[in-house]
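A.B. asks: Sequence first, then the predicted structure:
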Amino acid sequence: MGHSHQHTGGSPAPSAPAIAARRRATLLLSVVLVPLGVLTLVAMVLLWPSGDRSTLDVASPYATADGVAFDRGTVREVGEADCPSSRPTVDAGGTALTCTIAYTQPAGGGGLVPVEVTPELAKTDAVEPGDEIRYLDLSEVMQGAAPYVFVDFVRSVPVVALAVLYAVVVIAVARWRGLRALLGLAGALVVLAQFVLPGLVEGAPPLLLGLVGSTVIMYGVLYFAHGVSARTSTALLGTVVGLGITALLAAWATDAAHLTGVGDENAYTLVNASDELSISSIILCGLIISGLGVLNDVTITQSSAVWELYELAPNTSGRRLFGSAMRIGRDHIASTVYTIAFAYAGAALPVLILVSLYDRALLDTLTSGELAEEVVRTLVGSIGLVLAIPVTTLVAVLVVRAVGPRPARRSHDDVPGEGATPAVLAAGGAGTLAPGERLVALGGRRVPGAEPGA
């Protein structure tokens with residue numbers, strides 16, 4: 001959900017001027033973020049889907065005919081035997097085919113049933129004794145063919161165990177903030193499931209739908225996980241700007257690169273399900289949403305970096321503060337950009353392997369229908385997050401400079417010679433240095449009265 005760089009229990013308590021500056025910053029940012037939040041909520045209400053799916057016709061792959069059922073069971077033994085599906089061939093005088101059979105104990109009790117494993121899965125040797133599987137029971141409707149056919153593994157236990165382990169690790173390390181982040185993630189999934197997905201199904205404007213849904217998610221996630229503060233508000237403003245940039249780039253790229261998505265089997269199913277569904281619209285909305293997590297990460301980091309640097313050295317000029325924070329941001333850019341690329345590459349690894357086997361030029365491969373969507377998603381998301389870093393940094397610098405305490409300017413009477421450094425002030429105030437006395441000057445500048453070469 002992004003890094004947090006706010007003060008923890010082990011950090012020194014902020015000073016009174018720092019606390020006052022944070023309050024003024026929160027008030028200043030509220031002038032922008034509160035109207036934006038209200039506008040987003042109004043747009044969400046206007047775009048809220050009706051829930052009417054009467055025009056949608058999708059055949060569920062888990063629907064069964066009369067007499068057919070999905071059952072669960074535990075595999076007791078796996079072996080090679082004559083395929084039950086080849087019995088009609090044998091009855092006609094042919095030769096039976098050999099296939100992998102998983103002898104399974106039904107969850108409802110009874111004797112072992114021979115579940116025929118598909119050839120593709122049999123090649124991987126994935127089905128082993130002890131596995132819990134789902135299979136199709138055709139025994140009441142089919143005669144002389146395979147009455148039990150493998151469908152899928154039951155993965156409930158390992159997936160739930162991983163989810164519990166993830167939650168335990170996050171809460172153990174991040175404590176209450178980690179718990180709030182997990183709850184924020186749950187809320188974000190609710191927004192996707194109840195607002196974005198039904199809106200796409202009903203043909204809502206994808207650009208507006210993606211922006212509104214993403215903005216609502218970021219408002220909830222950032223404030224809930226990181227608390228209401230000037231840092232969080234600055235990060236939120238930078239995130240919204242980054243979302244706007246990403247949305248504009250996604251809208252242009254989807255049209256210019258002709259991302260139709262019709263090369264995907266699921267896309268074909270959706271196209272045939274409803275005349276109101278647009279695969280290009282779904283891709284456009286997906287391009288906006290896909291970069292939310294990384295965008296949130298870089299903006300909260302940059303906002304916290306600026307505030308930490310400012311509170312450590314409140315007399316730092318705005319230009320120097322921006323430069324210091326951007327040095328941190330550049331390191332973050334360097335790591336985050338290839339993080340996005342590797343994340344998408346890992347998700348599309350089967351497709352990458354397949355297209356790498358084709359005898360095609362590299363450019364043709366990367367711009368092919370199989371990979372173009374992933375390439376564009378990577379580029380659009382990366383551009384959005386890279387530009388969000390200087391924007392967030394600039395907003396944070398402007399805010400801290402606008403609300404921070406103004407250091408009193410010293411007159412020449414208070415300074416031991418024009419151009420004196422902090423080392424002079426710390427060493428002797430307005431006193432005069434004795435001849436030959438050495439003083440190390442900060443910043444490499446020579447101090448008047450100090451011995452040359454000191």
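C.D. replies: Thanks, I have it. Keep in mind it's a predicted model, so treat the numbers as computed, not measured.
A.B. asks: which helices and strands does the helix or strand containing Val45 pack with?
C.D. replies: Using DSSP states H and E, Val45 sits within helix 16-47. Judged by 3 or more C-beta pairs under 8 Å, 6 or more residues apart in numbering; DSSP states H and E, helix 16-47 is in contact with helix 206-226, helix 230-256, helix 372-403. Just so you know, the C-beta spots here come from the backbone N, C-alpha and C atoms, and that holds for glycine as well.
A.B. asks: buried set for the longest one?
C.D. replies: Yep, that's helix 372-403 we're talking about. 372-397, 399-401, 403 (16 or more other C-beta atoms under 10 Å).
A.B. asks: angle of it against helix 230-256?
C.D. replies: Inter-element angle recorded for helix 372-403 and helix 230-256: 150 degrees (by axes from the mean of the first three to the mean of the last three C-alpha atoms, to 10 degrees).
A.B. asks: now do the shortest one
C.D. replies: Between the direction of helix 206-226 and that of helix 230-256, the angle (the same axes, to 10 degrees) works out to 160 degrees.
A.B. asks: Give me the mean pLDDT for helix 206-226.
C.D. replies: Mean pLDDT, computed over helix 206-226, is 90.
A.B. asks: do the same with the longest one
C.D. replies: Confidence over helix 372-403, taken as the mean pLDDT, stands at 84.
A.B. asks: Near Thr98, how many residues? Count them for me, please.
C.D. replies: 11 (other C-beta atoms under 10 Å).
A.B. asks: how about the nearest residue to it, chain neighbours excluded?
C.D. replies: Spatial nearest neighbour of Thr98, excluding adjacent residues (C-beta to C-beta, 6 or more residues apart in numbering): Glu80 at 5.6 Å.
A.B. asks: Could you measure from the one you found over to Ser86?
C.D. replies: 13 Å (C-beta to C-beta, to the nearest Å).
A.B. asks: neighbour-wise, which of these two wins?
C.D. replies: Ser86 (19 against 10).
A.B. asks: need the helices for the stretch 251-400 of the chain, in chain order.
C.D. replies: 265-273, 279-290, 292-312, 318-347, 349-356, 362-366, 372-403 (DSSP state H, counting those that start in this stretch).
A.B. asks: Touching, the residue nearest to Thr98 and Ile101? I think so.
C.D. replies: Yes - using C-beta atoms under 8 Å, Glu80 is in contact with Ile101, at 7.4 Å.
A.B. asks: Gln105: which element?
C.D. replies: Assigned by DSSP H and E, Gln105 falls in strand 98-106.
A.B. asks: hang on, Ile133 in a strand?
C.D. replies: Yes - in this structure, Ile133 lies within a strand as judged by DSSP: H, G, I helix; E, B strand; the rest coil.
A.B. asks: For Ala107, see how far away it is.
C.D. replies: From Ile133 to Ala107 the distance is 10 Å (C-beta to C-beta).
A.B. asks: who touches the residue nearest to Thr98 in this structure?
C.D. replies: 98-101 (C-beta atoms under 8 Å, 6 or more residues apart in numbering).
A.B. asks: give me phi/psi at it?
C.D. replies: phi -90, psi 140 (degrees, to the nearest 10).
A.B. asks: And Gly111, by the same measure?
C.D. replies: phi -80, psi 170.
A.B. asks: Closest one of the contacts of Glu80 to Gly73?
C.D. replies: Ile101 (13.2 Å; C-beta to C-beta).
A.B. asks: residue contacts, the closest one?
C.D. replies: When contacts are taken as C-beta under 8 Å, 6+ apart, Ile101 is in contact with 78-81, 84, 114-117.
A.B. asks: do that again at 6 Å, thanks
C.D. replies: 79, 81, 114 (C-beta atoms under 6 Å, 6 or more residues apart in numbering).
A.B. asks: Likewise for Ala396?
C.D. replies: So Ala396 contacts 234, 303, 306 (C-beta under 6 Å, 6+ apart).
A.B. asks: For those residues, which single residue is the most surrounded?
C.D. replies: That'd be Ser303 among the contacts of Ala396, by other C-beta under 10 Å, with 32 neighbours.
A.B. asks: quick one on the thing from earlier: between the helix holding Val45 and helix 292-312, how many degrees?
C.D. replies: 160 degrees.
A.B. asks: and helix 16-47, how far out from the chain's middle?
C.D. replies: 24 Å (C-alpha atoms, centre = their mean, to the nearest Å).
A.B. asks: ditto for stretch 338-354
C.D. replies: Using C-alpha atoms, centre = their mean, the offset of stretch 338-354 from its chain centre is 15 Å.
A.B. asks: before we move on, what about stretch 242-257?
C.D. replies: 17 Å.
A.B. asks: so where's the stretch 151-300 of the chain shaky on pLDDT?
C.D. replies: For the stretch 151-300 of the chain, applying pLDDT under 70 flags the ranges 261-265, 267-268, 271, 274-276.
A.B. asks: how about the residue lying closest to Tyr148 once chain neighbours are set aside, phi and psi?
C.D. replies: Sequence neighbours aside, Val115 is the residue nearest to Tyr148 in space, at 4.5 Å (criterion: C-beta to C-beta, 6+ apart). Taking degrees, to the nearest 10, you get phi -90, psi 120 for the backbone angles of Val115.
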